[in-house]
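*Asks:* What would the 3D arrangement of this be:
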Amino acid sequence: MQVAIDMGESRGAGAARMDLEELLATRLLVQGNSGSGKSHLLRRLLEQSAPWVQQCVIDPEGDFVTLSDRFGHLVVDATRTENELTRIAARVRQHRVSVVLNLEGLDAEQQMRAAAAFLGGMFDADRDFWYPVLVVVDEAQLFAPAAAGEVSDEARKLSLGAMTNLMCRGRKRGLAGVIATQRLAKLAKNVAAEASNFLMGRTFLDIDMARAADLLGMDRRQAEQFRDLERGHFVALGPALSRRPLPIVIGAVETSARSTSPKLTPLPEAPADAADLIFTQDPEELSRPAVRRPPPPPPPSTNDLLAQVARARAEAPSEPASLFPEIDAAEREAMIKAVMVELMSDPDAGFRTTAVLYQDFLVRCRIRRVPGEPPALPAFKRLLAIARVAPDEETASSDGWQQALTLSETLTDDVQGVFLVIAQAALTGAPCPSDATLARLYGTHSASRARRLLTWFEERGLIVLRTDFRGQRIAAFPDLGAETAPGDPNGPDALVEDRPAAE
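*Replies:* Model prediction:
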C-alpha cells in the first residue's frame, strides 16, 4: 500500500509528498542549524503519518509530548531504570503503541543511557512483533557523537551502538530511523551514511555545508544555497522524496511545542527605587527557602561496588516460610506438560503461529490455575518444540535423547522442533520424515525450504544425509550414534495422516 505524506509545498512542483512505505525502507536524515525549523519538520512528518504507522520519538527536550493530546501518543518518562525502559520498549512493540520517550530533566549521560536502553529493547523485540515503526530521534548528535565528549566512554558506546543498530540493522526488524541534527560534522559518519533520504536546512559552517553537499551530490558552489535558506525551507533528496534536489517549504502543524522561540518584549519602565527592589530582602523569602538542585553524586568506585555486593550477599535475609502449602516444582512441571499436551491435541495447532499458540497457552494455564509466573515466550518456544515431538517414556529417558536436547539448544527456536523430530526418528529407528512433514513443522508449505533446512543442518555437522538405491532418504546423527530408517522424501505429510486419530 502506497501512502503519500504531505510535507508542504515545493517550488514550481506543487505539493511536496513523501512516500511513507519507501521511507520505512530507506530512512531519513534531517540537518539544519538551530532555528532552521527541524523540529517543525519532524512534527509535520509525525502528524501526517500518525494514522498510518506506529511511531516512537526520542525527545531530549520534551517538545513532542504534546502529540499525546491530539494523536494519543503515550508519554514515557525516562526517569526509570534501564531495565524498566528495556521492558517497556518490548511491550511497546508487542502492543503497537505510539510513544514519546521524554528525556527532559536528565543530564547528557543519563539521556544517552536511557535512549540506548529504550532503543535496545525495541531492537531486541521478539520476531513475532517486528511490525513497522517510525523511530524519530531529535538532536541525534547527542546520541551518536562523532567524537568523545564529557560523558563516559561506556555511555557513549552504549548510545552509539543503539543508534548504529537502528540505522544499519533496524530495517529488517521493522525499525525506520528518522534522525535530525544541528551539526553533520558532530554526527557519527556510520550513522548518517545509512540514510538514503535527506532534508537539508539552513547551514552556515563550511564543514557542515561540505558534508551536506557530499550527501546530496552537489559541488561547493551549489552548497552555498544552504546559507540563504529561510526558516522552514529545506532541500529534499532521496527515493521517498525526489530523485533530484528539490527545494520545499514545510507546511503548517496542528500541535505546538511546549518551548517556543524567544520573542522581543518591551522592557518595563525603570522604577525609581530599583536598588531597593533588588537589594532589600522580601519577608516572604525567609519563609520560602531557596530550592537548589544538588549536584549528581559521583559514580561509586569498583571497590565500593564489590563491597556492596559482598555485604548484600551476607545480609540477605532468609525467605519466610509460606503460610500456604507450596506446590512442588515437579508437580508444576507436570501441570505445564499437561497444558502443552492439551494444546497440541488441537488438530489445527500445526497451522497456528507461535504468538497465537502462546496466548492460548497462557489462557489454559490460568484455567488450570498453574501457580507461579508462566514461562516466557522463548521458554514456551522450547516447550513447543519438545511437545511437537512427544517421545515415549523410554526414548525421553535415554541418554541419546538428552544429548539431542542439548544439541537443539544451539539452534534457533524456529528450527528446534524439526531437528528433534528427525533425532527422535533416528533414536527409534523410524523412517526419515518426508519433506511435507518437515515443512509443516517448520511452519511453511514449501518442501524446498524444508530441504534447504536439512542441508543447513548438514553444513553445521549435526546430521549426515544419504540416499539408498531406491531413492529413500536416511539421516545419520554422528553425535548420537544413530540413524533413521529409509524414508520417502516425497511422501505425504505424516501429521495430516495422524489427524483423524487425534480427533
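
*Asks:* Where do the strands of the stretch 1-150 of the chain begin and end?
*Replies:* With strands called from DSSP state E, counting those that start in this stretch, the stretch 1-150 of the chain shows them at 4-10, 14-19, 28-31, 54-59, 74-77, 99-102, 133-137.

*Asks:* Any chance of those in CSV with mean neighbour count as columns?
*Replies:* To be clear about C-beta, it is placed using only N, CA and C from the backbone, and glycine gets the same treatment. CSV is the format used below for the strands of the stretch 1-150 of the chain (neighbours: other C-beta atoms under 10 Å):
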stretch, mean neighbour count
strand 4-10, 17
strand 14-19, 18
strand 28-31, 26
strand 54-59, 24
strand 74-77, 18
strand 99-102, 24
strand 133-137, 25
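
*Asks:* so which of the ones you listed gets nearest Met209?
*Replies:* Counting by C-beta to C-beta, Met209 lies closest to strand 28-31 out of the strands of the stretch 1-150 of the chain; the figure is 10.0 Å.

*Asks:* Check which helices and strands the closest one sits against.
*Replies:* Contacts defined by 3 or more C-beta pairs under 8 Å, 6 or more residues apart in numbering; DSSP states H and E place strand 28-31 against helix 38-49, strand 175-181, strand 197-200, helix 206-216.

*Asks:* try it again with 7 Å
*Replies:* Contacting strand 28-31 under the criterion 3 or more C-beta pairs under 7 Å, 6 or more residues apart in numbering; DSSP states H and E are the following elements: helix 38-49, strand 175-181, strand 197-200.

*Asks:* Give me the residue ranges of the stretch 351-500 of the chain where confidence is low.
*Replies:* 351, 388-391, 494-500 (pLDDT under 70).

*Asks:* one step back: using CSV, please lay out the strands of the stretch 1-150 of the chain together with mean pLDDT and distance to Arg113.
*Replies:* Rendered in CSV, the data for the strands of the stretch 1-150 of the chain read as follows (pLDDT from 0 to 100; distance: least, C-beta to C-beta, whole Å):
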stretch, mean pLDDT, distance to Arg113
strand 4-10, 87, 32
strand 14-19, 87, 32
strand 28-31, 90, 24
strand 54-59, 93, 13
strand 74-77, 90, 15
strand 99-102, 92, 12
strand 133-137, 93, 15
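
*Asks:* For Ala108, find the nearest of these.
*Replies:* It's strand 54-59; of those, that one is closest to Ala108 (C-beta to C-beta) at 13.8 Å.

*Asks:* if we can go back for a sec, dump the strands of the stretch 1-150 of the chain into JSON lines; add distance to Ala210 as well.
*Replies:* Rendered in JSON lines, the data for those read as follows (distance: least, C-beta to C-beta, whole Å):
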{"stretch": "strand 4-10", "distance to Ala210": "25"}
{"stretch": "strand 14-19", "distance to Ala210": "26"}
{"stretch": "strand 28-31", "distance to Ala210": "12"}
{"stretch": "strand 54-59", "distance to Ala210": "27"}
{"stretch": "strand 74-77", "distance to Ala210": "38"}
{"stretch": "strand 99-102", "distance to Ala210": "33"}
{"stretch": "strand 133-137", "distance to Ala210": "23"}
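
*Asks:* quick one on the thing from earlier: kindly reformat the helices and strands packed on strand 28-31 as JSON lines containing mean neighbour count, mean pLDDT and distance to Ala447.
*Replies:* Below are the helices and strands packed on strand 28-31 laid out as JSON lines (neighbours: other C-beta atoms under 10 Å; pLDDT from 0 to 100; distance: least, C-beta to C-beta, whole Å):
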{"stretch": "helix 38-49", "mean neighbour count": "22", "mean pLDDT": "90", "distance to Ala447": "41"}
{"stretch": "strand 175-181", "mean neighbour count": "25", "mean pLDDT": "91", "distance to Ala447": "33"}
{"stretch": "strand 197-200", "mean neighbour count": "25", "mean pLDDT": "87", "distance to Ala447": "40"}
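
*Asks:* Please identify which of the ones you listed is closest to Arg470.
*Replies:* Each of the helices and strands packed on strand 28-31 has some distance to Arg470 by C-beta to C-beta; the shortest is strand 175-181, at 50.5 Å.

*Asks:* Work out the sheet partners of the closest one and label each with its direction, please.
*Replies:* Applying DSSP bridges to the sheet, strand 175-181 is found paired with strand 28-31 (parallel), strand 133-137 (parallel).

*Asks:* other SSEs contacting the longest strand seen in the chain?
*Replies:* As far as residue count goes, and with DSSP state E defining each element, the longest strand of the chain is strand 242-250. Using 3+ C-beta pairs under 7 Å, 6+ apart as the contact criterion, the elements in contact with strand 242-250 are strand 4-10, helix 38-49, strand 233-238.

*Asks:* Switch the helices and strands packed on strand 28-31 over to JSON lines; also include distance to Gly120.
*Replies:* JSON lines is the format used below for the helices and strands packed on strand 28-31 (distance: least, C-beta to C-beta, whole Å):
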{"stretch": "helix 38-49", "distance to Gly120": "22"}
{"stretch": "strand 175-181", "distance to Gly120": "11"}
{"stretch": "strand 197-200", "distance to Gly120": "25"}
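
*Asks:* Look up the closest residue to Ser256, ignoring the ones flanking it.
*Replies:* Distance criterion C-beta to C-beta, 6 or more residues apart in numbering; nearest residue to Ser256, sequence neighbours excluded, is Thr66 at 6.4 Å.

*Asks:* Leu74 now?
*Replies:* Beyond its immediate neighbours in the sequence, the residue positioned closest to Leu74 (C-beta to C-beta, 6+ apart) is Val99, lying 4.7 Å away.

*Asks:* I figured that neighbour was touching Arg91, is that so?
*Replies:* No: counting by C-beta atoms under 7 Å, Val99 sits too far from Arg91 to count as a contact (10.0 Å).

*Asks:* re the thing from before, out of the strands of the stretch 1-150 of the chain, the one nearest Pro371 is which?
*Replies:* Nearest of those to Pro371, taken as C-beta to C-beta: strand 74-77 at 32.1 Å.

*Asks:* what's next to the closest one, contact-wise?
*Replies:* Contacts with strand 74-77, where a contact means C-beta atoms under 7 Å, 6 or more residues apart in numbering, come from 65, 68, 88, 97-102.

*Asks:* Ala307 and Met340, how far apart?
*Replies:* Separation of Ala307 from Met340 (C-beta to C-beta, to the nearest Å) stands at 46 Å.

*Asks:* And for Leu74?
*Replies:* 35 Å.
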